[in-house]
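Novice: Got a sequence here, can you model it:
(one chain, ligands or ions: 2)
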Amino acid sequence: MSNAIVVGLTGGIGSGKSAATDAFAQLGIDIIDADQVARDVVAKGSEGLTQIAAHFGSNILLASGELDRAALREHVFQHEDEKQWLNNLLHPMIRARMLALIASSTSGYCILSVPLLVENNMTAMCKRVIVVDCPESTQMARAMTRDGSSKQTIANIMASQASRETRLAAADDVLHNTGSLENLHKQVSALHQHYLEIFCLNE
Ligand SMILES: CC(C)(COP(=O)(O)OP(=O)(O)OC[C@H]1O[C@@H](n2cnc3c(N)ncnc32)[C@H](O)[C@@H]1O)[C@@H](O)C(=O)NCCC(=O)NCCS
Ligand SMILES: Nc1ncnc2c1ncn2[C@@H]1O[C@H](COP(=O)(O)OP(=O)(O)OP(=O)(O)O)[C@@H](O)[C@H]1O
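Specialist: Ligands and ions are numbered 1, 2, ... in the order given. Have a look, this model is predicted:
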């Protein structure tokens, strides 16, 4: 088991988790990103992708043989039982790979970025929990611009995640992502200094 100090980071879809983790990465902190790990476990040739193709049919694959993520997103967030099936398949795989990545982290502390950190009871493994927060209307606007998904699909994704209130109740630290990206970076730098102090780390 690793001695890494784990700082959990979460936030709803489009809240700015990646923007925040980019800022921590620039400060030399190792980032373990559940969304990235979720892509790795369904890479071409993986056990995860084989099972998905067997369950949903080969129509869920692109001509290249890779997963058609947009098609799967539209499908699972319209069909609750299919989303549950996918979660049951992928979440144990994602969790195992994240634990291995934590064990190999070499920075003073590492950031574990997980959209469903609160929902999946992963806060217990974290020394601190950061919530990236903004109003739901801002999440919706950012997610729609970025993903090109329908408003209904984004609304379904948001409905399948913890409410803003529930997530904030689990926070030790909050990054308020309502201003500019520069402002977010300033908040991250201040939090990083705070962590170096409370975790007794030398830079
Ligand atoms: C359905 C998939 C293929 C859609 O892929 P796509 O590239 O469009 O989205 P991406 O993976 O980048 O996720 C975007 C955001 O959607 C939200 N989201 C994704 N999966 C879920 C889920 N199962 N439940 C709730 N929200 C989710 C998160 O906020 C995430 O940051 C993909 O999200 C997936 O495989 N999801 C199941 C695995 C999972 O739960 N991932 C979340 C991290 S644990
Ligand atoms: N403060 C900000 N000002 C302007 N745009 C921002 C800000 N924060 C994030 N964005 C933009 O909003 C979009 C969503 O941000 P980001 O990808 O960081 O969110 P996320 O929480 O990682 O989302 P997801 O859960 O969907 O993976 C991105 O296109 C990003 O560039």
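Novice: quick one: contacts for the closest residue to residue 122 other than its chain neighbours?
Specialist: Take residue 122 and drop its neighbours on the chain: the residue closest to it by CB to CB, 6 or more residues apart in numbering is residue 114, 5.9 Å away. For every residue, glycine as well, the C-beta is placed using N, CA and C. Going by CB atoms under 8 Å, 6 or more residues apart in numbering, residue 114 touches 8-10, 34, 98, 120, 122.
Novice: Tell me the residues of the protein that contact ligand 2?
Specialist: Within reach of ligand 2 by CB under 6 Å from any ligand atom, the chain has these residues: 11, 13-19, 35, 115, 142-143, 146, 177, 180-181, 184.
Novice: Of those, which belong to strands?
Specialist: Assigned to strands by DSSP state E, none of the residues of the chain next to ligand 2 qualify.
Novice: Scan the protein for its longest helix.
Specialist: Ranked by number of residues, the top helix in the chain under DSSP state H is helix 80-103.
Novice: quick one: buried residues of stretch 164-183?
Specialist: Within stretch 164-183, the residues that count as buried by 16 or more other CB atoms under 10 Å are 164, 167, 170-171, 174-175, 177.
Novice: I misspoke; the intended subject was stretch 43-61.
Specialist: Going by 16+ other CB under 10 Å, stretch 43-61 has these buried residues: 48-49, 51-53, 56, 60-61.
Novice: This protein: strands as residue ranges?
Specialist: Taking DSSP E, the strands of the chain run over residues 5-10, 30-33, 109-113, 128-133, 173-176.
Novice: I'd like the ones you listed written out as a markdown table, with distance to residue 92 and mean pLDDT added.
Specialist: Listed next are the strands of the chain as a markdown table, based on distance: least, CB to CB, whole Å; pLDDT from 0 to 100:
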| stretch | distance to residue 92 | mean pLDDT |
| --- | --- | --- |
| strand 5-10 | 18 | 98 |
| strand 30-33 | 16 | 98 |
| strand 109-113 | 16 | 98 |
| strand 128-133 | 22 | 98 |
| strand 173-176 | 28 | 98 |
